[in-house]
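[1] what follows is a predicted structure for the sequence shown.
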Amino acid sequence: MSEIPFRIAATDGAARTGALVFPRGEIRTPAFMPVGTAATVKAMYAGQVRETGADVVLGNVYHLMLRPGAERVAELGGLHRFMNWPHPILTDSGGFQVMSLSSLRKLDKDGVTFKSHIDGSTHRLTPERSVEIQRLLGADVTMQFDECVRLPAPPAEVERAMRLSLAWAERSKAAFGTPQGRALFGIVQGGDAPDLRKASARALVDIGFDGYAIGGLAVGEPQHVMLAMLEETTPELPAGRPRYLMGVGSPDDLLKSVARGVDMFDCVMPTRAGRHGQAFTRFGKLNLKNARHADDPRPLDPESPCPAARDYSRAYLHHLVKSGEILGMMLLTWANLDYYQRLMEGARAAIAAGRFADYAAETTAGWEAGDR
Ligand SMILES: Nc1nc(=O)c2cc3nc(NCCN4CCCCC4)[nH]c3cc2[nH]1
């Protein structure tokens, strides 16, 4: 186990607030991690991502091994130097992206062989190679190599993938070693089966990790199933270590998952929605492509400290989005990431004040009240 301290400052029901302390800086929790798949948080420069309040960004083994290549990034000083992000980076281990992006993949008990979605070249990932790539990139948080099945799936398939992921958890940990100042997270699998979720969590805790991700969710199941699996899983995980729900989610997903003991999140939603003309606000989600914004002189939110949400009219944003202007993607990505970070900042403060349930209710009421 590494010596990455996780300080829990306060709890409120199952919700926790605190900080993970890395040599490159702290990760305040609950934390939202912007997705920086190809060594960039799309449409944002690194300092701007930091200004939104992000403490950590996510990178992907799958994309970076294909282009520009892990050894090349290492030669150039590592991912932090390469993308000019001196703060913590968490890298996903590649299995999930292989299954969702590559073609012609062959999975066996040792790993996965696949063809690149970029140029069709053949590659192989094993637990050892994934951990090595994450070392070459210089990740502060390394994810074990795992297999995630889409839902719904036959119980036997869910169990097979869960047991294979446990075997790969052991091999990932053996390959990781005990590098100073770097953390390795295990990933709980088990689909929508409570008994498999508990077995996976208990087995990972027996192996011992610096943190525990909850994987195999946000893969097509309804929100209530995801939340039910959190309720089955988080009580089996050590209270003193961070929990990371992978690939989640909407603002509503985040608040409901924080209430069930989750500390860390990542999702493409704020950045992808921004590029598609959608804005997350205190009043709910707006689609700036909609003609109803064409003459609206109001900004997204006049009370927002974020210039993208405060200093540009909806009419202008509508114009940019309809015209396919790059600035439209930039401003809406900025506004969305800022909104997600402020949502998490508010959650941290509410938990510290013992009023998280009220905070979640007030925030949800704001979304439901809609645009004033
Ligand atoms: N190593 C690993 N293991 C997982 O079980 C996993 C499970 C995941 N589940 C998601 N869901 C992403 C959902 N996302 C929502 C917004 C639109 C694009 C898809 N991402 C994931 C990433 C994952 N990574």
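    Nice, I can see it.
[2] phi first, then psi, for residue 33.
    phi -100, psi 110 (degrees, to the nearest 10).
[3] go on, the one 4 residues further on?
    Its backbone dihedrals place residue 37 at phi -50, psi -60, with angles given as degrees, to the nearest 10.
[4] isn't it up against residue 59?
    Yes. Applying C-beta atoms under 8 Å, one finds residue 37 in contact with residue 59, separated by 7.1 Å. Yep, even glycine has a C-beta here, placed from its N, CA and C like the rest.
[5] higher neighbour count, those two?
    residue 59 (27 against 18; other C-beta atoms under 10 Å).
[6] how about that one: what's its closest non-neighbour residue?
    Once flanking residues are discounted, residue 59 sits nearest to residue 91: 4.4 Å by C-beta to C-beta, 6 or more residues apart in numbering.
[7] the one you found: what secondary structure?
    Applying DSSP: H, G, I helix; E, B strand; the rest coil to residue 91 yields a three-state assignment of strand.
[8] same question for residue 265.
    strand.
[9] distance of it from the ligand?
    Per C-beta to the nearest ligand atom, to the nearest Å, residue 265 is found 11 Å from the ligand.
[10] residue 35 is in contact with that residue, correct?
    No. Between residue 265 and residue 35 there is no contact under C-beta under 8 Å: 10.5 Å.
[11] helices of the stretch 251-372 of the chain, residue ranges please.
    251-258, 269-275, 307-310, 314-323, 326-352, 356-369 (DSSP state H, counting those that start in this stretch).
[12] can I get those in a markdown table including mean neighbour count?
    A markdown table is the format used below for the helices of the stretch 251-372 of the chain (neighbours: other C-beta atoms under 10 Å):
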| stretch | mean neighbour count |
| --- | --- |
| helix 251-258 | 22 |
| helix 269-275 | 22 |
| helix 307-310 | 20 |
| helix 314-323 | 19 |
| helix 326-352 | 22 |
| helix 356-369 | 15 |
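[13] now do the contacts for the nearest residue to residue 330 once chain neighbours are set aside.
    Nearest non-adjacent residue to residue 330, counting by C-beta to C-beta, 6+ apart: residue 43, 4.9 Å away. When contacts are counted by C-beta atoms under 8 Å, 6 or more residues apart in numbering, residue 43 touches 271, 274-275, 326, 329-330, 333-334.
[14] double-check that residue 43 belongs to a strand.
    No. Per three-state DSSP, residue 43 lies outside any strand segment and is coil.
[15] gap between residue 181 and the ligand?
    Relative to the ligand, residue 181 is positioned 22 Å away (C-beta to the nearest ligand atom).
[16] spatially central residue in this protein, please.
    Nearest to the mean C-alpha position of the chain, by C-alpha atoms, centre = their mean, lies residue 266 at 1.3 Å.
[17] check what pLDDT that one gets.
    In this model, residue 266 is scored at 98, pLDDT.
[18] how close does the closest residue to it other than its chain neighbours sit to residue 146?
    In space, and not counting its chain neighbours, residue 266 is closest to residue 33: 4.1 Å by C-beta to C-beta, 6+ apart. Look at residue 33 and residue 146: by C-beta to C-beta, to the nearest Å, they are 18 Å apart.
[19] who's more crowded, these two?
    Shown here are residue 33 and residue 146; by other C-beta under 10 Å, residue 146 has more neighbours (29 against 23).
[20] for residue 2, report the pLDDT, please.
    Residue 2 carries a pLDDT score of 60 in this model.
[21] what do you get for residue 372?
    pLDDT, read off for residue 372, is 65.
[22] can you tell me the SS state at the nearest residue to residue 102 once chain neighbours are set aside?
    Among residues not flanking residue 102 along the chain, residue 114 sits closest, at 3.9 Å (C-beta to C-beta, 6+ apart). On the three-state scheme (three-state DSSP), residue 114 is labelled strand.
[23] mind listing what residue 114 touches?
    By C-beta under 8 Å, 6+ apart, the residues touching residue 114 are 98, 102-106, 122-125.
[24] likewise residue 357?
    Contacts of residue 357 (C-beta under 8 Å, 6+ apart): 12-13, 259.
[25] just the buried residues of the residues you listed.
    For those, a burial check counting by 16 or more other C-beta atoms under 10 Å picks out 12, 259.
[26] show me which of the contacts of residue 357 is closest to residue 83.
    Minimum distance to residue 83 across those is 33.1 Å, recorded for residue 259 (C-beta to C-beta).
[27] which one is that closest one nearest to, not counting chain neighbours?
    residue 15 (5.5 Å).
[28] in the sheet, who's paired with the one you found?
    residue 12 (DSSP bridges).
[29] surely it and residue 353 touch.
    No. Taking contacts as C-beta under 8 Å, residue 15 lies outside contact range of residue 353: 11.5 Å.
[30] between these two, which one's more packed in?
    Neighbours around residue 15 and residue 353, counted as other C-beta under 10 Å, are more numerous at residue 15. The numbers are 25 against 13.
[31] what does the stretch 101-250 of the chain put close to the ligand?
    Residues of the stretch 101-250 of the chain found near the ligand (C-beta under 6 Å from any ligand atom) are 143, 146, 148, 187, 215-219, 246-247.
[32] per-residue pLDDT of residue 313, please?
    pLDDT recorded at residue 313 is 99.
[33] tally of neighbours for it?
    15.
[34] would you list the phi and psi of the nearest residue to it once chain neighbours are set aside?
    Spatially, and ignoring its direct neighbours in sequence, residue 313 is nearest to residue 297 (4.9 Å; C-beta to C-beta, 6+ apart). Dihedral angles of residue 297 (phi, psi; degrees, to the nearest 10) stand at phi -80, psi -10.
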